[in-house]
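# need coordinates for the below:
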Amino acid sequence: MGIKMTDLPENRKDTSEEKLEDLFAAARKAAPQPSEDLMARVLSDAEAVCLARATQTTQAGPAARFSLSSMLDAFGGWAGAGGLAAAGLVGLWVGVAPPETLQSTLGLILAGDVLSSDPGNLWIIEDTYLPGLGG
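Numbers count the residues shown, from 1 in each chain. Got it, this is the predicted structure:
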């Protein structure tokens, strides 16, 4: 017992799927073949393209020259070059005049205090430079 609106009466069975399946079976049996005229046009076009490529000579372009615009394009335009310049200046600044915490931390690392085998020494940096975070 289904839905009455979608149920077909017994004397009118839907055979559209069967008809469609018969059409698909007939289409699978008869594979389409291109006409002789179409094949001749395709082959003549392919031959013309092959001949054009064979006779075409490659001309060497002018030698690549260095220019500011090519360098800007390599960095992503003015935005990329600006970011690179800013990062370079910050690196120079930190290298010339490092913050005090960086100098002390680097001194601890180079002296071997932080890298010793005692795991308690790993908290020296946190206790010294980040007060209030320790437990």
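
# C-alpha from now on. contacts and neighbour counts both.
Noted.

# what stretches of the chain score poorly on pLDDT?
1-15, 57-61, 63-64, 102-135 (pLDDT under 70).

# which residue ranges of it form helices?
16-29, 36-55, 68-75, 77-96, 100-111, 124-129 (DSSP state H).

# report the backbone C-alpha coordinates of the first one in PDB.
The C-alpha trace of helix 16-29 is given here as PDB (Å, rounded to 0.1, in the frame of the first residue of the first chain):
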ATOM      1  CA  SER A  16       9.300   4.200 -19.500                       C
ATOM      2  CA  GLU A  17      12.300   2.700 -17.800                       C
ATOM      3  CA  GLU A  18      12.000  -0.400 -20.000                       C
ATOM      4  CA  LYS A  19      11.800   1.800 -23.100                       C
ATOM      5  CA  LEU A  20      14.800   3.800 -22.000                       C
ATOM      6  CA  GLU A  21      16.800   0.700 -21.400                       C
ATOM      7  CA  ASP A  22      16.000  -0.600 -24.900                       C
ATOM      8  CA  LEU A  23      17.200   2.700 -26.400                       C
ATOM      9  CA  PHE A  24      20.500   2.500 -24.400                       C
ATOM     10  CA  ALA A  25      21.000  -1.100 -25.500                       C
ATOM     11  CA  ALA A  26      20.500  -0.100 -29.200                       C
ATOM     12  CA  ALA A  27      22.900   2.800 -28.800                       C
ATOM     13  CA  ARG A  28      25.600   0.600 -27.300                       C
ATOM     14  CA  LYS A  29      25.300  -1.900 -30.200                       C
END
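
# what residues does that helix touch?
The contact list for helix 16-29, computed with C-alpha atoms under 8 Å, 6 or more residues apart in numbering, is empty.

# list the buried residues in that helix.
Buried residues in helix 16-29, counted by 16 or more other C-alpha atoms under 10 Å: none are found.

# if we can go back for a sec, take the helices of the chain and write them to JSON lines, including distance to P62.
Formatted as JSON lines, these follow (distance: least, C-alpha to C-alpha, whole Å):
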{"stretch": "helix 16-29", "distance to P62": "57"}
{"stretch": "helix 36-55", "distance to P62": "22"}
{"stretch": "helix 68-75", "distance to P62": "15"}
{"stretch": "helix 77-96", "distance to P62": "23"}
{"stretch": "helix 100-111", "distance to P62": "51"}
{"stretch": "helix 124-129", "distance to P62": "59"}
